[in-house]
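**Student:** fold the following for me, if possible:
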Amino acid sequence: MKRDRLRRRQLLIGGSAVCSTAVAGCTDAAVTDGPPAEPSASVETTDQDCASVGEETVTVAFETSQRRVTGTIQAPTPCYLAAVKTLRVDDTAVTVAVTTKQAADDEPCVQCVGAIDYTATITDSDHDRIYVEHHDTVGDHDTAYATTAVDGPTDQVQVKTTATDCGAGADVDEPTVTKVEAGLSVSGQRQSPTPCYFAVAESLSCENEELILDIGVREAISEPVCVDCLGVVSYAVDLPLSAPEEVAAVRVEHDGEEVAVVNHTDFENR
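**Tutor:** Numbering: from 1, shown residues only. Below you'll find the predicted structure:
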């Protein structure tokens, strides 16, 4: 069922207690006049170590005139450095592809999968959507983290793309909602034109005590050319909530179309 998108993008202004206090920051980011500045990106490797299972993260800080990304990316060994592979800019978002390159020294290196910590700085940017792709050099495994500021420099929603694949004719998993220490976590799947897309949060809104999360997709920076098949994108979204017990239900939409309503009685426990 389609909703009034203009009304829905006025996120959590007033309303019930859950709509005004449960979500940490749910009003639209400020909009400035004029075209955005042309951003540039640099990256610094801050640590190198052996990786633990699932050790990949991205955190985005929305600072004045720049965006700072701290993350961990995997590499064949710890003797690699983080590098910016590609920077893509449009009117609403900056997408940065981070990869790894072998360090120049010839010293012997411990043989384990590496975890490379880095800090990337995107200068001259006032974008409220920062998309980070990890182009790993371990098993050709790519991951995307789409972060959207929803209330200025600190409050944000991050969607992690956990897997992509061909999925023509395949059923997609229904969204699930899990209670976590910091609030709620939503996971699910949706279709995309090809597997070379990642999931993003189009909006986060509220009606009474129901949270409404709209998931879209964006084309990834893919090399080589993507396989030509209908894709399925798996995603996970952590929602930082100050009062998750006040959420009666979570409605998940894909491009404005309702796909599921998960009542609080069906929330899973981690």
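
**Student:** ok, residue 190 - contacts?
**Tutor:** Taking C-beta atoms under 8 Å, 6 or more residues apart in numbering as the contact definition, residue 190 lies against 172, 199, 215, 217, 232, 233, 235, 254, 259. From N, CA and C alone the C-beta is placed, and that goes for glycine too.

**Student:** out of those, which are buried?
**Tutor:** 199, 215, 217, 232, 233, 235, 254, 259 (16 or more other C-beta atoms under 10 Å).

**Student:** how about a markdown table for these, with pLDDT added?
**Tutor:** Formatted as a markdown table, the buried ones among the contacts of residue 190 follow (pLDDT from 0 to 100):
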| residue | pLDDT |
| --- | --- |
| 199 | 95 |
| 215 | 95 |
| 217 | 95 |
| 232 | 93 |
| 233 | 94 |
| 235 | 96 |
| 254 | 95 |
| 259 | 95 |
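
**Student:** just give me the neighbour total for residue 219.
**Tutor:** For residue 219, the neighbour count with other C-beta atoms under 10 Å is 14.

**Student:** and residue 267, by the same measure?
**Tutor:** Per other C-beta under 10 Å, the neighbour tally for residue 267 reads 18.

**Student:** tell me how far it lies from residue 129.
**Tutor:** Separation of residue 267 from residue 129 (C-beta to C-beta, to the nearest Å) stands at 28 Å.

**Student:** what does residue 166 give?
**Tutor:** Separation of residue 166 from residue 129 (C-beta to C-beta) stands at 27 Å.

**Student:** what's the answer for residue 228, then?
**Tutor:** To residue 129, residue 228 is 27 Å away according to C-beta to C-beta.

**Student:** ok, the two, which is more surrounded?
**Tutor:** Neighbour totals were compared for residue 228 and residue 129, and residue 129 leads with 20 against 9 (other C-beta under 10 Å).

**Student:** residues near the residue lying closest to the more buried one once chain neighbours are set aside, how many?
**Tutor:** Closest residue in space to residue 129, ignoring its immediate chain neighbours: residue 93 at 3.8 Å, by C-beta to C-beta, 6 or more residues apart in numbering. Neighbourhood size, residue 93 [other C-beta under 10 Å]: 19.

**Student:** report the contact partners of residue 93.
**Tutor:** Residue 93 makes contacts with 127, 129, 130, 131, 218, as judged by C-beta under 8 Å, 6+ apart.

**Student:** now these in JSON lines, with secondary structure?
**Tutor:** Listed next are the contacts of residue 93 as JSON lines, based on DSSP: H, G, I helix; E, B strand; the rest coil:
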{"residue": "127", "secondary structure": "coil"}
{"residue": "129", "secondary structure": "strand"}
{"residue": "130", "secondary structure": "strand"}
{"residue": "131", "secondary structure": "strand"}
{"residue": "218", "secondary structure": "strand"}
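
**Student:** lowest-confidence helix or strand of the chain?
**Tutor:** helix 5-8 (a mean of 36; mean pLDDT, DSSP states H and E).
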